[in-house]
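*Asks:* Below are the sequence and a predicted model; questions follow.
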Amino acid sequence: MHIEKHILDQVNEWLTPTFDNDTQEAIKEMMTSSPKELEESFYKNLEFGTGGMRGVMGVGTNRINKYTLGKNTQGLSNYMHKVFPRKKLKVVIAYDCRHNSNTLAKVVADVFSANDIQVYLFSDLRPTPELSFALKHLGCQAGIVLTASHNPPEYNGYKVYWEDGGQLVPPQDGEIIKLIEDLKYDEIKFQANENLIKYIDKEIDDAFVKSSIENASFDTPASAKDNLNIVFTSLHGTSIKSVPQTLEQAGYKNVHIVPEQAEPNGDFPTVKSPNPEEPEALTMALALADKLSADIVIGTDPDCDRLGVAVRNNEGKMTLLNGNQTMVLMTAFLLEQWKKQGKINGKQFVGSTIVSTPMMLALADGYGVECKVGLTGFKWIAKMIKDFPELQFIGGGEESFGFMVGDAVRDKDAVAATLLI
């Protein structure tokens with residue numbers, strides 16, 4: 001099989017002492033037994049896009065591994081020192097249930113610490129919205145979460161959040177990408193300063209749950225909470241760390257967790273895809289709901305930023321709602337609550353995106369509230385909050401089954417949305 005020269009040049013670089021023995025041996029094995037895989041692994045650099053990086057795990061420039069993530073982190077470290085020259089820099093790192101997420105998260109922490117940056121590293125997997133919350137709560141300049149959302153099990157990813165708690169937007173994204181692309185692998189500092197790595201867990205968990213309840217729980221009577229029969233599934237993901245605890249502390253006692261899907265597992269063994277947009281993903285939850293005569297089914301994706309919802313229709317059958325429907329329902333409820341509390345005075349807004357239903361515009365107008373519409377993705381809604389500090393953000397979402405409640409979390413948040421729905 002003929003292999004292009006530029007691919008061989010990349011391969012030969014990865015066979016130098018800059019790369020560890022395990023990596024070099026894996027490359028040599030591919031050279032003899034899997035030249036097609038070798039070509040796929042090295043024919044290009046895995047791109048660091050506007051929200052980070054996502055791809056298949058393995059060795060090579062086109063794969064997620066300690067070197068490609070290390071290069072990202074070194075570039076981001078250099079950028080942080082450049083734009084915050086006199087600050088004591090801090091980052092927070094979270095990771096999901098995927099294979100190698102915990103070890104890759106530690107590599108990322110090592111590189112930050114080697115660059116004299118204080119690191120707060122979650123001691124175990126956590127939901128992505130908790131990362132956004134923790135970033136602001138701890139006063140960090142940046143945050144990283146290792147996740148590939150609902151992609152197949154062989155994938156992982158690296159998402160970057162900025163000091164406002166939202167994902168990167170221009171011009172920061174382009175400036176960081178340029179620094180990363182200009183780096184050489186031998187410039188990565190892998191030698192950790194363990195004194196700068198602090199593990200975090202319960203204290204941040206408690207603050208996150210408290211904030212979620214404050215933002216998304218209203219004066220629902222205790223009798224209504226007691227009578228609501230809920231089936232919940234985490235689809236083998238991180239929400240098992242937060243959603244049941246949040247519901248319990250908010251006073252919802254009748255919560256039934258799908259047991260076969262409660263254990264975090266990066267293979268997602270009980271579903272074809274752990275994507276709550278797909279009806280198949282909620283099959284087991286719907287079956288349990290029928291068995292228990294539940295009123296509502298809620299399922300979250302692996303990093304707990306999106307949720308699927310099913311409720312009973314007029315004939316008593318469970319019906320899946322789409323993302324636009326849940327978004328409109330939650331926004332209408334929030335607006336009505338703000339109106340009852342006398343908090344609407346023309347200095348508030350809700351957010352949506354160009355791919356979502358125009359009903360959001362009419363709904364907001366009915367309450368005398370502006371609806372700002374941005375490009376696809378929640379980073380643009382987060383940017384609205386940053387760009388209009390004189391306005392209060394009530395909530396908002398997108399048809400992709402994500403929703404934001406208030407501004408404590410600056411990304412789609414299935415913990416608060418579960419409580420709200």
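*Replies:* Done, it's in. What you see is a predicted model, and the numbers here were worked out from it, not measured in a lab.
*Asks:* can you pull out the strands in the stretch 251-400 of the chain?
*Replies:* Under the criterion DSSP state E, counting those that start in this stretch, strands of the stretch 251-400 of the chain are mapped to 255-257, 296-300, 307-312, 318-320, 348-353, 370-374, 392-398.
*Asks:* Identify each buried residue in stretch 389-400, please.
*Replies:* 391-400 (16 or more other C-beta atoms under 10 Å). Placement of C-beta: from N, CA and C, glycine included.
*Asks:* ah, wrong one, I meant stretch 24-33
*Replies:* So for stretch 24-33, counting by 16+ other C-beta under 10 Å, buried means 24, 26-27, 30.
*Asks:* roughly how far is it from the heart of the chain?
*Replies:* 34 Å (C-alpha atoms, centre = their mean, to the nearest Å).
*Asks:* which non-adjacent residue is nearest T357?
*Replies:* Excluding its sequence neighbours, the residue lying closest to T357 (C-beta to C-beta, 6 or more residues apart in numbering) is N324, at 4.1 Å.
*Asks:* Was I right to think the one you found contacts S356?
*Replies:* Yes: with contact defined as C-beta atoms under 8 Å, N324 reaches S356; the gap is 6.2 Å.
*Asks:* which residues are common contacts for the two?
*Replies:* E399 (C-beta atoms under 8 Å, 6 or more residues apart in numbering).
*Asks:* Send over stretch 410-421 as CSV, restricted to the C-alpha atoms.
*Replies:* Extracted in CSV, the C-alpha atoms of stretch 410-421 (Å, rounded to 0.1, in the frame of the first residue of the first chain):
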residue,chain,number,x,y,z
ARG,A,410,-23.7,29.4,30.8
ASP,A,411,-24.4,26.3,28.7
LYS,A,412,-27.2,23.9,28.2
ASP,A,413,-28.0,22.3,31.5
ALA,A,414,-30.1,19.1,32.0
VAL,A,415,-29.9,19.3,35.8
ALA,A,416,-31.8,22.6,36.1
ALA,A,417,-34.0,21.7,33.1
THR,A,418,-35.0,18.4,34.7
LEU,A,419,-36.1,20.3,37.8
LEU,A,420,-37.9,22.9,35.7
ILE,A,421,-39.8,20.5,33.4
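*Asks:* out of the buried residues of stretch 24-33, who's nearest M57?
*Replies:* Among the buried residues of stretch 24-33, A26 lies closest to M57 (C-beta to C-beta), at 11.7 Å.
*Asks:* Wait, the closest one touches R63, no?
*Replies:* No: with contact defined as C-beta under 8 Å, A26 does not reach R63; the gap is 10.4 Å.
*Asks:* Next, find the distance separating the spatially closest residue to D365 that is not a sequence neighbour from M359.
*Replies:* Sequence neighbours aside, C371 is the residue nearest to D365 in space, at 7.3 Å (criterion: C-beta to C-beta, 6+ apart). C371 sits 10 Å away from M359 when distances are taken as C-beta to C-beta, to the nearest Å.
*Asks:* if we can go back for a sec, compare the strands of the stretch 251-400 of the chain and give me the one nearest T270.
*Replies:* strand 296-300 (11.6 Å).
*Asks:* Which strands and helices lie in contact with the closest one?
*Replies:* Packing contacts for strand 296-300, counted by 3 or more C-beta pairs under 8 Å, 6 or more residues apart in numbering; DSSP states H and E, involve strand 230-233, helix 283-292, strand 307-312, helix 414-420.
*Asks:* Next, the angle helix 283-292 makes with it.
*Replies:* With axes from the mean of the first three to the mean of the last three C-alpha atoms, to 10 degrees defining the directions, strand 296-300 sits at 160 degrees from helix 283-292.
*Asks:* So what's the predicted local confidence for the residue nearest in space to the middle of the chain?
*Replies:* For the chain, the residue nearest the mean C-alpha position is T128 (3.6 Å; C-alpha atoms, centre = their mean). We have a pLDDT of 97 for T128.
*Asks:* OK, contacts around the nearest residue to it once chain neighbours are set aside?
*Replies:* Distance criterion C-beta to C-beta, 6+ apart; nearest residue to T128, sequence neighbours excluded, is D303 at 4.2 Å. Residues counted as contacts of D303 (C-beta under 8 Å, 6+ apart) are 96, 127-128, 145, 147, 149, 237-238.
*Asks:* please redo it, this time with the cut-off set to 10 Å
*Replies:* Neighbour list for D303: 94-98, 125-129, 131, 145-150, 157, 159, 237-239, 274, 412, 414 [criterion: C-beta atoms under 10 Å, 6 or more residues apart in numbering].
*Asks:* Tell me where the model's unsure across the chain.
*Replies:* 1, 50-51 (pLDDT under 70).
*Asks:* so what are the domain limits for it?
*Replies:* What the record gives for the chain is the domain set 44-200, 211-322, 323-400, from automatic domain parsing.
*Asks:* Including distance to K5, could the ones you listed go into TSV?
*Replies:* TSV is the format used below for the domains of the chain (distance: least, C-beta to C-beta, whole Å):
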stretch	distance to K5
domain 44-200	14
domain 211-322	36
domain 323-400	38
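*Asks:* which one of those domains lies closest to I3?
*Replies:* domain 44-200 (12.8 Å).
*Asks:* start to end distance for that closest one?
*Replies:* 36 Å (C-alpha to C-alpha, to the nearest Å).
*Asks:* Please save the CA atoms from stretch 241-260 in CSV.
*Replies:* In CSV, the C-alpha atoms belonging to stretch 241-260 read as follows (Å, rounded to 0.1, in the frame of the first residue of the first chain):
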residue,chain,number,x,y,z
LYS,A,241,-24.1,12.2,40.0
SER,A,242,-26.5,15.2,40.2
VAL,A,243,-30.1,14.8,38.9
PRO,A,244,-31.4,12.3,41.6
GLN,A,245,-29.8,14.4,44.4
THR,A,246,-31.2,17.6,43.0
LEU,A,247,-34.7,16.2,42.7
GLU,A,248,-34.6,14.8,46.2
GLN,A,249,-33.4,18.0,47.8
ALA,A,250,-36.1,19.9,45.8
GLY,A,251,-38.7,17.7,47.5
TYR,A,252,-39.5,15.2,44.7
LYS,A,253,-39.7,11.8,46.5
ASN,A,254,-41.4,9.6,43.9
VAL,A,255,-38.4,9.2,41.5
HIS,A,256,-37.7,5.8,39.9
ILE,A,257,-34.3,5.4,38.2
VAL,A,258,-33.9,2.9,35.4
PRO,A,259,-31.5,0.5,37.2
GLU,A,260,-29.9,-1.1,34.1
